[in-house]
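Q: Return a 3D structure for these sequence lines:
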Amino acid sequence: MRGHIVKRQGKKRDDRGKLRSLYYIVYPFGGKQKWEKGPPPQDERFATRTDAQNLLAKRITEIVGGEFVEPKKITFEEFIGIWMKTYAEGEGEIRPSTLTQYRGFFKNHLGPTFGPKQLTAITVKDVQDYKARKLNELKEKKGADGEVELVRRNSPQSVKHHLRLLRQMLRHAIDWGYLRANPAEKVKNPTIPKRETDALSPEEFQAFYSKLPEEWQLFFLVTVSGGLRMGEALPMRWANLNWRSGQYHVKETWLRSRGGEPHSFGPPKAPASAAPIDLVPEAIEALRSHRTRQKAQKLEAGQDYNDQDLIFATDLGAPLDDSHVKQRSFFPTLEAAGLRRIRFHDLRHTCASILIDAGESPKYIQKQMRHASIEMTFNTYGHLFPDSNREAATRFGRVLFGTKAVAVGE
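A: Predicted coordinates for the structure are as follows:
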């Protein structure tokens, strides 16, 4: 079996003003002569005759070996429907909240850009251009003083999620015979600026705690002492609390809904997150009193009480909403205490910071924060150990030389 190469003159010019050359490879398949055109030269394929010869040899080998797959003609928009039905809503077992997020990505971002294009026509440059455009899109934002400023519409983290989804989809397109190569694989993720933790000091937390309405004090005491994320505090259940050991076993997380769907609970994404945490004795005692009050509320509400075994719930037993916690309690209390506005997640960092100040071992902090590895703990909180290396060196010197100081060169 033989094929050949056809050289044609393109419409674009190179740096010297000469029209670029385009190369086609032609080979027999299915009783017909199949022509394959390389993507634009900036994709570094078919830029030279050698490139075309190499791919032609590969195609002939695939055909002879029975491994050749002819890409199917389909638009990106059509493939979205196939991918959602076959994988995302089928064998992929993706969370409902994640599915809703994916639909938003398709509707507002990936779909408008790639939707009408043939799947096989999407190039590395197309994906690179998409990344650059999304990172540079601006929107108007009104500040607290009423002034309007231009800010980024999409964070680097959001664009990273778009690219990750695109790569995942196109990998399936290869597996299912729609593509031969994944153009998104050659596009790097945007650089994500590292966000410094902003923990409250013990004194700041005490000021915050003292300004909390009484009905919210236990929620924040448990959250901070346990190093809990918002999504882990909301679905806490009495059945997972061990009164004797003073531990709570994290087994669920709160799943945010979109598009009017109800919120739900589900297992944590990271296996390491599903683990027991230690609560301070003050929290355990307060939980005993809270349970007594909650039982009285249940009796008073009667059949109207929706008992889901939740530790933190409304007067009728329904789950709390994260926006309710933040807007009705967290942010107003920070302001009342004269503290800077921090993220709710920074309360988790507050737990780690206080444990470090208390002299707890990195291994215990890893366990309490439920990090998958000690490296994750150091990567997140290593800057909170500013003197640890010097102290370790000092202890080593004392063991090596005793209490006597030794001067170098003596």
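Q: and residue 157, how many residues sit next to it?
A: 12 (other Cβ atoms under 10 Å). C-beta here means a position set from N, CA and C on the backbone, and glycine is covered the same way.
Q: Residue 64 and residue 3 touch, don't they?
A: No. Between residue 64 and residue 3 there is no contact under Cβ atoms under 8 Å: 11.3 Å.
Q: Who has more neighbours out of those two?
A: Legend: neighbour count by other Cβ under 10 Å for residue 64 and residue 3, higher for residue 3 (19 against 10).
Q: Quick check: phi and psi on the more buried one?
A: phi -130, psi -180 (degrees, to the nearest 10).
Q: Offset the numbering so it begins at 218, please.
A: Yes, from this point I'll number from 218; that puts the last item at residue 220.
Q: That one: what's its closest spatial neighbour, skipping adjacent residues?
A: residue 244 (3.3 Å; Cβ to Cβ, 6 or more residues apart in numbering).
Q: what sits against the one you found?
A: Residues near residue 244 by Cβ atoms under 8 Å, 6 or more residues apart in numbering: 218-220, 250-251, 253, 273, 276-277, 280.
Q: Drop anything exposed from these.
A: By neighbour count, with 16 or more other Cβ atoms under 10 Å, the contacts of residue 244 hold 220, 253, 273, 276-277, 280 as buried.
Q: Among the contacts of residue 244, which one sits closest to residue 305?
A: When the contacts of residue 244 are compared for distance to residue 305 (Cβ to Cβ), residue 253 wins out at 30.6 Å.
Q: Can you give me the pLDDT of the closest one?
A: With respect to pLDDT, residue 253 has a value of 78.
Q: Make sure it is indeed in a strand.
A: Yes. Residue 253 forms part of a strand when assessed by DSSP: H, G, I helix; E, B strand; the rest coil.
Q: gap between it and residue 563?
A: 54 Å (Cβ to Cβ, to the nearest Å).
Q: about what we covered before: buried residues in the host helix or strand of the residue nearest to residue 220, which are they?
A: In the assignment (DSSP states H and E), residue 244 maps to strand 236-246. Of all the residues in strand 236-246, those buried under the rule 16+ other Cβ under 10 Å are 239-242, 244, 246.
Q: closest to residue 394 among the residues you listed?
A: After measuring these against residue 394 - Cβ to Cβ - the closest member comes out as residue 246, at 14.2 Å.
Q: got a list of what the closest one touches?
A: 280, 285, 287.
Q: Can you list which of those are found in helices?
A: Among these, DSSP state H puts residue 280 in helices.
Q: mind checking how far the strand holding residue 244 is from the chain centre?
A: 42 Å (Cα atoms, centre = their mean, to the nearest Å).
Q: now swap in stretch 566-573 and tell me
A: 23 Å.
Q: Quick one: mean pLDDT for that stretch?
A: Mean predicted confidence for stretch 566-573 is 94.
Q: what does that stretch contact?
A: So stretch 566-573 is contacted by 414-419, 422, 441-444, 581-582, 585-586, 597-598, 601-602 (Cβ under 8 Å, 6+ apart).
Q: now with 7 Å?
A: Stretch 566-573 is contacted from outside by 414-417, 419, 422, 441-442, 444, 582, 585-586, 598, 601-602, using Cβ atoms under 7 Å, 6 or more residues apart in numbering.
Q: Now, of those residues, which are buried?
A: 414, 416-417, 422, 441-442, 444, 582, 585-586, 598, 601.
Q: pLDDT added to those, as TSV?
A: Converted to TSV, those look like this (pLDDT from 0 to 100):
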residue	pLDDT
414	80
416	93
417	95
422	96
441	97
442	95
444	96
582	94
585	96
586	95
598	86
601	78
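Q: Domain ranges for the protein, per the record?
A: Annotated domains of the chain cover 221-281, 293-403, 419-605 [automatic domain parsing].
Q: For those, which has the smallest mean pLDDT value?
A: domain 221-281 (a mean of 76).
Q: Show the pLDDT at residue 288.
A: Reported pLDDT for residue 288: 69.
Q: This structure: strands as residue ranges?
A: All strands of the chain, identified by DSSP state E, fall at 221-230, 236-246, 249-254, 355-359, 365-369, 458-459, 464-466, 470-472, 481-483, 493-495.
Q: Indicate which one of those is closest to residue 556.
A: Per Cβ to Cβ, nearest to residue 556 of those: strand 355-359, 23.8 Å.
Q: Sheet-wise, list the partners of the closest one with their directions.
A: strand 365-369 (antiparallel) (DSSP bridges).
Q: how about the partner strand: buried residues?
A: Neighbour counts over strand 365-369 (16+ other Cβ under 10 Å) mark no residue as buried.
Q: and if you look at stretch 443-458?
A: 443-454, 457-458.
Q: Nearest to residue 592 among those?
A: Using Cβ to Cβ, the buried residues of stretch 443-458 come closest to residue 592 at residue 444, 17.8 Å.
Q: Neighbours of residue 465, how many?
A: 26.
Q: Run through the bridge partners of it.
A: Applying DSSP bridges, one finds that residue 465 bridges with residue 458, residue 494.
Q: likewise the one 5 residues further on?
A: Using DSSP bridges, the beta-bridge partners of residue 470 come out as residue 483.
Q: how close does it get to residue 447?
A: 9 Å.
Q: same question, residue 457
A: In terms of Cβ to Cβ, residue 457 sits 17 Å off from residue 447.
Q: What of residue 566?
A: 13 Å.
Q: again, but for residue 533
A: 21 Å.
Q: again, but for residue 441
A: For residue 441, the distance to residue 447 - Cβ to Cβ - is 12 Å.
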